[in-house]
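A.B. asks: Next one to model:
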Amino acid sequence: MIDTVENVKHPEINPESSRAVRPGKALYGFNCSQDFLFGGGVMGKLIDLTGQRFGRWTIIKHKASTKYGVARWLCRCDCGAISIIEGASLKRGSSTSCGCYRKDSLTTHGESSKKTGTKEYRIWYSMKARCLSVQAISYKHYGGRGIKVCDRWLNYENFLSDMGRCPDGLTIERDDNNGNYEPGNCMWASIHKQNRNRRDNVWVTAPNGESLIIHDWGARLNLAGAHWEYWRKKGLTNKEILKHFIEKRGI
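C.D. replies: Numbering: from 1, shown residues only. Below is the predicted model of the structure:
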């Protein structure tokens with residue numbers, strides 16, 4: 001049983017066993033067992049992260065763990081700076097550089113000022129957050145699925161140079177919904193195009209071989225979504241519904 005924050009002030013290790021008594025979720029705001037295991041520590045076998053990248057950090061080698069059993073890693077930033085970072089901080093995305101990234105973003109392009117920044121900067125910032133920060137609301141749909149931001153686009157100026165300014169009414173969209181945010185897979189697109197590229201869209205193929213999502217078939221056949229759902233509840237498959245209304249409309 002894990003002691004809670006009310007009766008544990010500091011983690012302690014029982015010298016007669018390898019089990020650690022550690023604070024509960026209420027103390028740190030995350031699952032301690034996962035973070036202790038990330039990169040090793042007293043809670044599990046050390047996972048070698050040497051050579052892996054987290055933001056601008058590249059891991060050089062493992063350093064001694066903290067007295068609480070959290071693995072620490074010697075890391076080199078892209079700018080050349082060397083620092084020791086806890087594995088949990090790398091995992092959460094709370095440490096992505098030595099500080100040069102923030103300095104570059106503030107002093108080089110100047111588009112993050114006035115809190116909100118430009119439209120392109122807000123899109124870029126949100127893109128990174130949902131891929132790198134487990135605390136982001138949408139992380140499970142992006143970073144949690146393995147979607148990444150390419151190394152080049154961790155720098156805002158590179159992102160802006162590749163994408164250009166965002167036209168009015170458009171936002172960023174990936175051509176391959178399972179692919180990364182990187183040149184060649186991203187474009188400025190309308191919300192309508194984004195909705196058509198959703199993972200939960202259902203595609204239906206007509207007898208002539210044409211495939212569209214249900215929403216587009218409904219628009220072509222003048223068939224409301226509720227009407228389509230009515231026939232599905234009657235036991236018809238999507239293909240049977242489509243065939244019926246194609247014949248009924250004479251299309």
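
A.B. asks: Going by C-alpha atoms from here, please, whenever you check contacts or count neighbours.
C.D. replies: Noted.

A.B. asks: So which residues of the stretch 101-250 of the chain form helices?
C.D. replies: Secondary structure of the stretch 101-250 of the chain, counting by DSSP state H, counting those that start in this stretch: helices at 119-132, 156-163, 191-196, 214-221, 225-233, 238-249.

A.B. asks: averaging pLDDT over each of those, which comes out lowest?
C.D. replies: Set side by side, the helices of the stretch 101-250 of the chain give their lowest mean pLDDT on helix 191-196, at a mean of 70.

A.B. asks: so which of the helices of the stretch 101-250 of the chain gets nearest Ser65?
C.D. replies: With CA to CA as the measure, helix 119-132 is the member of these nearest Ser65 (23.6 Å).

A.B. asks: Quick check: buried residues in that closest one?
C.D. replies: 119-121, 124, 127-132 (16 or more other CA atoms under 10 Å).

A.B. asks: With respect to Ala81, which of those is nearest?
C.D. replies: Once CA to CA is applied, the member of the buried residues of helix 119-132 that ends up nearest Ala81 is Leu132, at 21.1 Å.

A.B. asks: Can you tell me, leaving aside adjacent residues, what's nearest to that closest one?
C.D. replies: With CA to CA, 6 or more residues apart in numbering as the criterion, Leu132 has its nearest non-adjacent residue at 5.4 Å, and that residue is Gly93.

A.B. asks: Verify the stated contact: the one you found with Cys131.
C.D. replies: No: at 9.1 Å, Gly93 does not count as touching Cys131 under the criterion of CA atoms under 8 Å.

A.B. asks: What residues does the residue nearest to Leu132 make contact with?
C.D. replies: By CA atoms under 8 Å, 6 or more residues apart in numbering, the residues touching Gly93 are 54-55, 132-134.

A.B. asks: possible to save these as CSV with distance to Leu242?
C.D. replies: Shown next, in CSV, are the contacts of Gly93 (distance: CA to CA, whole Å):
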residue, distance to Leu242
Phe54, 48
Gly55, 47
Leu132, 41
Ser133, 42
Val134, 41
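
A.B. asks: Of those, which belong to strands?
C.D. replies: Assigned to strands by DSSP state E, the following of these qualify: Phe54.

A.B. asks: Out of the contacts of Gly93, the closest to Asn185 would be?
C.D. replies: Nearest to Asn185, judged by CA to CA, of these is Leu132 at 18.4 Å.
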